[in-house]
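Novice: sequence and predicted structure are below.
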There are 2 protein chains.
Amino acid sequence: MAFPQQVRIVEVGPRDGLQNEPGPIIPTDIKIELINRLAAAGIRHIEAASFVSPKWVPQMGDAAAVMAGIDRQPGITYSALTPNVKGLEGAMAAGVTEVAVFSAASEAFTQKNINCSIAESLKRFQPLIEQARAADIRVRGYVSTVLGCPYQGDITPAQVAVVSRELIDMGCYEISLGDTIGTGTPLKAKRMLEAVAKEVSLDRLAAHFHDTYGQAVANLYAVMEEGIAVIDSSTAGLGGCPYAKGAAGNVATEDVLYLLQGLEIDTGIDLQAVVDTGHWITRELGRANGSKVAQALGTCGR
Amino acid sequence: MAFPQQVRIVEVGPRDGLQNEPGPIIPTDIKIELINRLAAAGIRHIEAASFVSPKWVPQMGDAAAVMAGIDRQPGITYSALTPNVKGLEGAMAAGVTEVAVFSAASEAFTQKNINCSIAESLKRFQPLIEQARAADIRVRGYVSTVLGCPYQGDITPAQVAVVSRELIDMGCYEISLGDTIGTGTPLKAKRMLEAVAKEVSLDRLAAHFHDTYGQAVANLYAVMEEGIAVIDSSTAGLGGCPYAKGAAGNVATEDVLYLLQGLEIDTGIDLQAVVDTGHWITRELGRANGSKVAQALGTCGR
């Protein structure tokens, strides 16, 4: 075992979580408060918004207002998803210092979602990444469906490795490996990671796992055994993937923090503060809290 | 890694699960149908009842009728919990071939629950175990609170090892190590297991983990890495511990089976049949299904 001593949590609740909330648009001030609370809890990397057409994702239509409204703290990265150059320009105008692009290891998934091949989708990102890099903005790359695809089923580790390597070669500083439909299990996750690590250095890889089948915490444990030290998670388990059937369920930040505490891995994050934030946001949204740790610990009323 | 090639599932839903159901007494025929369905799904070991005073556990008052009513299949163990000699006699009269006794690694937990020391509680089991063994009835020993106690907090691995060894020396054939309040994490679980395995051979140990903090699947993965090949679980996550605050949440059999499939470990059990059984029993009880796999896979209507 070679567990990392420290793990960086990338909190995706404000973007990946909230963008999938059904019902009315969540008020901008709630989004801002969520981000400020997570920062106050000690989370150093928060995906705060998505600069995407409100026609496609109405819930993220106030991305610029959110970025303008948050109480930015030094040392904290507030990143945003940017699907295209127009999104990047919006993000830059809003003072975003890190953006993310979203790809997939599955041809079928890519065709279904954006109606082109993986190669074509990566080509479209080239000007975005170049423009971002020229402005000293870091670019993170998501690769989704790394442990299974809702349309084509199995994904070979080699497919994941190829796409990950291409995104790195194009200028991404880190690749977040997404188990979009949560069908992964520890052995599968390890095999995938081993293949990717042959193409991309381990310290440039992150795990973004969904808990749809209750395996996410075990999968994270397994990939940390292999040396993964960056984990994406969502407070209260907010979110999922709007395109993949049954893919609700980002792993809850609280449950990951509890795992990390038990493994004696440092994150610098106050678990109870995240628990309280999760209870607060789920009350605001009128949804169930998806974190078992949050349910077990309750709230101290903050 | 030295994963077992096969894992034996000990299904505890009909006993550990149903005994904690609040509300009206579950009809005997529902209990019988649950057990028969689980056996038909391929589960080889089912804890079917508890021969305990109905004054203490009213939900198990029909243990003899349940044992008489099930459609016993060859090769399947239908075991029962027996807290005392009177319970054993009831179980023997009902034709039970395996019984279980329940102890704890925590002095505080034992005092609180049965008002005596661990040593005293074990001494009380001596005549029960002797009488069972004389009648060729196998005795399984539960050790609860192995990864934390609701009253005294931390439990040392040495405490667990001592109690486990004593139960083996007294004649138990297997020790089921219970994380009663679900506070365990993988490293803690491994350290506990390593200590116990110095006193009791690994092939006589089982893991009985609760998912209160969302860690059970990861903990099972971790102890299987150490060689554990017997896992207690509860269909649909039925049950918990009636005495420990916040201790709802036996790990769901479905979620364990999904993990095992992914690890290419054989159980001989039909996952979809267990999923369907879980949906059926939770509908009958009017409670939520605690298995994420069951929620993701849905039901084919059986």
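Specialist: Right, received. Where do you want to start? Residues are numbered from 1 along each chain as shown, chains lettered A, B, ... in the order given.

Novice: where do the strands sit along the stretch 201-302 of chain A?
Specialist: A:205-209, A:230-233 (DSSP state E, counting those that start in this stretch).

Novice: could the ones you listed go into TSV alongside distance to chain B?
Specialist: From N, CA and C alone the C-beta is placed, and that goes for glycine too. Formatted as TSV, these follow (distance: least, Cβ to the nearest Cβ, whole Å):
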stretch	distance to chain B
strand A:205-209	12
strand A:230-233	12
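
Novice: make JSON lines out of those strands and add mean neighbour count.
Specialist: Listed next are the strands of the stretch 201-302 of chain A as JSON lines, based on neighbours: other Cβ atoms under 10 Å in any protein chain shown:
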{"stretch": "strand A:205-209", "mean neighbour count": "26"}
{"stretch": "strand A:230-233", "mean neighbour count": "27"}
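
Novice: can you lay out those strands as TSV showing mean pLDDT?
Specialist: Listed next are these as TSV, based on pLDDT from 0 to 100:
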stretch	mean pLDDT
strand A:205-209	98
strand A:230-233	98
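
Novice: turn these into TSV, including distance to A:Ile30.
Specialist: Formatted as TSV, those follow (distance: least, Cβ to Cβ, whole Å):
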stretch	distance to A:Ile30
strand A:205-209	24
strand A:230-233	20
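
Novice: wait, what's in contact with A:Arg124?
Specialist: Taking Cβ atoms under 8 Å, 6 or more residues apart in numbering or on different chains, we find A:Arg124 in contact with A:Asn84, A:Cys116.

Novice: on the three-state scheme, it is what?
Specialist: helix (DSSP: H, G, I helix; E, B strand; the rest coil).

Novice: how much space between it and A:Thr267?
Specialist: The gap separating A:Arg124 from A:Thr267 is 35 Å, by Cβ to Cβ, to the nearest Å.

Novice: low-confidence stretches in the stretch 201-302 of chain A?
Specialist: Within the stretch 201-302 of chain A, the set of residues satisfying pLDDT under 70 comprises A:240-248, A:299-302.

Novice: mind listing residues that contact stretch A:273-285?
Specialist: A:13, A:21, A:26, A:30, A:34, A:37-38, A:40-43, A:235-236, A:238, A:252-254, A:257, A:288-289, A:291, A:293-294, A:297-302.

Novice: among the residues you listed, which lie within helices?
Specialist: Counting by DSSP state H, the members of the contacts of stretch A:273-285 that fall within helices are A:Ile30, A:Leu34, A:Arg37, A:Leu38, A:Ala40, A:Thr253, A:Glu254, A:Leu257, A:Val293, A:Ala294, A:Leu297.

Novice: tell me the contacts of the closest residue in space to A:Ala206 that isn't next to it in sequence?
Specialist: Leaving aside its sequence neighbours, A:Ala206 sits nearest to A:Val230 (Cβ to Cβ, 6 or more residues apart in numbering or on different chains; 3.6 Å). By Cβ under 8 Å, 6+ apart, the contact list for A:Val230 reads A:Val7, A:Arg8, A:Val10, A:Glu174, A:Ser176, A:Leu205, A:Ala206, A:Ala207.

Novice: try A:Gly171
Specialist: A:Gly171 makes contacts with A:Ile129, A:Glu130, A:Ala132, A:Arg133, A:Val139, as judged by Cβ under 8 Å, 6+ apart.

Novice: quick check: beta-bridge partners of the nearest residue to A:Ile43 once chain neighbours are set aside?
Specialist: Nearest non-adjacent residue to A:Ile43, counting by Cβ to Cβ, 6+ apart: A:Glu11, 4.7 Å away. Beta-bridge partners for A:Glu11, by DSSP bridges, are A:Ile46, A:Ser233.
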